[in-house]
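Student: Need the 3D shape of this:
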Amino acid sequence: MTTPAPDVRDAYAEAPPITRETVALLKMRRELGDDRPTYYPPASVNEVREVLLREAALLDRLALDDSEAMGDAVKAAVELRDFDTRQGHGPGATFEGVVPPYASQWEADPRGYVRQEYHRWLTVPPWNSVNPPAAWTQESDR
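Tutor: Sure thing, here's the model as predicted:
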């Protein structure tokens, strides 16, 4: 028996506006890339995973309105699923949803996996609506 992915409306109900998310992702990519100061530690698995998750969710949202974005959305979803599968289960696992990334149901629905993980990331601690991710603050709107 499979557990369905959250409905699109549920998965993205609390997501920031697409333009704000795009700006936040560009900033995160820049900070984790070649522009990262040498005195910073290398990007952690969790930082890399957050970028992969948020990019996949953004592309999924864009593909809902633009069929030309479908291929990129699927590619990003598979990348996230494969990343989480490589992390395995147990203490080093990165997935948070009920159905693990290596479940057969995600073979046919990788975007469903993104929705499950993004919904969980948005709605379950370690952060909450009182303390949203730093990239969601007004500063990222500038």
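Student: which other helices and strands contact the lowest-mean-pLDDT helix or strand in the chain?
Tutor: Least confident helix or strand of the chain, by mean pLDDT, DSSP states H and E, is helix 18-32 with a mean of 91. The helices and strands touching helix 18-32, judged by 3 or more CB pairs under 8 Å, 6 or more residues apart in numbering; DSSP states H and E, are helix 45-65. C-beta here means a position set from N, CA and C on the backbone, and glycine is covered the same way.
Student: Give me the buried positions along the helix it packs on.
Tutor: For helix 45-65, burial by neighbour count (16 or more other CB atoms under 10 Å) applies to 49-63.
Student: what do you get for stretch 72-87?
Tutor: Residues of stretch 72-87 classed as buried by neighbour count (16+ other CB under 10 Å): 72, 73, 74, 76, 77, 78, 80, 81, 83, 84, 85.
Student: ok, back up a step: starting at the chain centroid, how far to the least confident helix or strand of the chain?
Tutor: 12 Å (CA atoms, centre = their mean, to the nearest Å).
Student: middle-most residue in the protein, spatially?
Tutor: residue 53 (1.6 Å; CA atoms, centre = their mean).
Student: which ones are touching that residue?
Tutor: 80, 114, 117, 118, 121 (CB atoms under 8 Å, 6 or more residues apart in numbering).
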